[in-house]
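1. Only the shape, not the letters, is given here:
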């Protein structure tokens with residue numbers, strides 16, 4: 001039986017919203033991946049032990065807490081629970097992540113002297129967001145067309 005016009009539009013809208021959400025979630029997954037790609041794998045994140053990359057956390061509709069002892073959020077869980085209109089905040093639990101990203105010149109609280117150039121991996125990942133969204137859209141469209 002053929003759908004009425006209003007039923008057809010309702011179904012089309014439902015499918016479109018589901019696809020938009022899928023593109024959003026996939027693009028955030030790609031962003032999280034970019035924020036954890038170590039230099040040894042062609043990424044931009046400095047890698048010594050991998051602790052900083054593993055400390056990537058996510059929070060749904062709230063800012064990631066980076067204070068010592070703050071409960072880590074699971075980036076994957078935040079992405080999975082997201083709906084249209086939600087905000088997914090990604091951040092690092094490692095206290096030194098900001099210094100590694102932005103650089104640091106001076107003495108830290110333990111008296112160690114640094115003259116560290118920033119890796120700027122967060123800024124780079126942000127510039128790649130439009131590309132990530134386009135790639136996510138292509139991936140979702142290819143899945144729908146099967």
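-> Good, I have the coordinates. What you see is a predicted model; the values in this text were computed from it and never measured.
2. mind checking the longest helix of this structure?
-> helix 5-34 (DSSP state H).
3. Which strands or helices does that helix pack on?
-> helix 75-81, strand 88-92, helix 121-127, helix 129-145 (3 or more CB pairs under 8 Å, 6 or more residues apart in numbering; DSSP states H and E). In short, each C-beta sits where N, CA and C put it, glycine included.
4. okay, those in CSV with distance to residue 51, mean pLDDT and mean neighbour count next?
-> Shown next, in CSV, are the helices and strands packed on helix 5-34 (distance: least, CB to CB, whole Å; pLDDT from 0 to 100; neighbours: other CB atoms under 10 Å):
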stretch, distance to residue 51, mean pLDDT, mean neighbour count
helix 75-81, 16, 90, 17
strand 88-92, 10, 93, 21
helix 121-127, 15, 97, 16
helix 129-145, 25, 94, 14
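5. Select, out of those, the one closest to residue 19.
-> helix 129-145 (5.8 Å; CB to CB).
6. Can you name the residues in contact with the closest one?
-> 19, 22-24, 26-27, 29-31, 34 (CB atoms under 8 Å, 6 or more residues apart in numbering).
7. residue nearest the centroid of this structure?
-> Nearest to the mean C-alpha position of the chain, counting by CA atoms, centre = their mean, stands residue 32 at 3.4 Å.
8. Just give the nearest non-adjacent residue to that residue, would you?
-> Spatially, and ignoring its direct neighbours in sequence, residue 32 is nearest to residue 75 (5.0 Å; CB to CB, 6 or more residues apart in numbering).
9. wouldn't the one you found be in contact with residue 58 here?
-> Yes: if you go by CB atoms under 8 Å, residue 75 and residue 58 touch, sitting 3.2 Å apart.
10. Name the residues contacting each of the two.
-> In contact with both residue 75 and residue 58: 32, 88, 90, using CB under 8 Å, 6+ apart.
11. Take the contacts of helix 129-145 and lay them out in JSON lines including distance to residue 116, neighbour count and pLDDT.
-> Shown next, in JSON lines, are these (distance: CB to CB, whole Å; neighbours: other CB atoms under 10 Å; pLDDT from 0 to 100):
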{"residue": "19", "distance to residue 116": "43", "neighbour count": "15", "pLDDT": "94"}
{"residue": "22", "distance to residue 116": "39", "neighbour count": "17", "pLDDT": "96"}
{"residue": "23", "distance to residue 116": "37", "neighbour count": "20", "pLDDT": "96"}
{"residue": "24", "distance to residue 116": "35", "neighbour count": "21", "pLDDT": "97"}
{"residue": "26", "distance to residue 116": "34", "neighbour count": "20", "pLDDT": "97"}
{"residue": "27", "distance to residue 116": "31", "neighbour count": "23", "pLDDT": "97"}
{"residue": "29", "distance to residue 116": "30", "neighbour count": "17", "pLDDT": "97"}
{"residue": "30", "distance to residue 116": "28", "neighbour count": "19", "pLDDT": "97"}
{"residue": "31", "distance to residue 116": "24", "neighbour count": "21", "pLDDT": "97"}
{"residue": "34", "distance to residue 116": "21", "neighbour count": "20", "pLDDT": "96"}
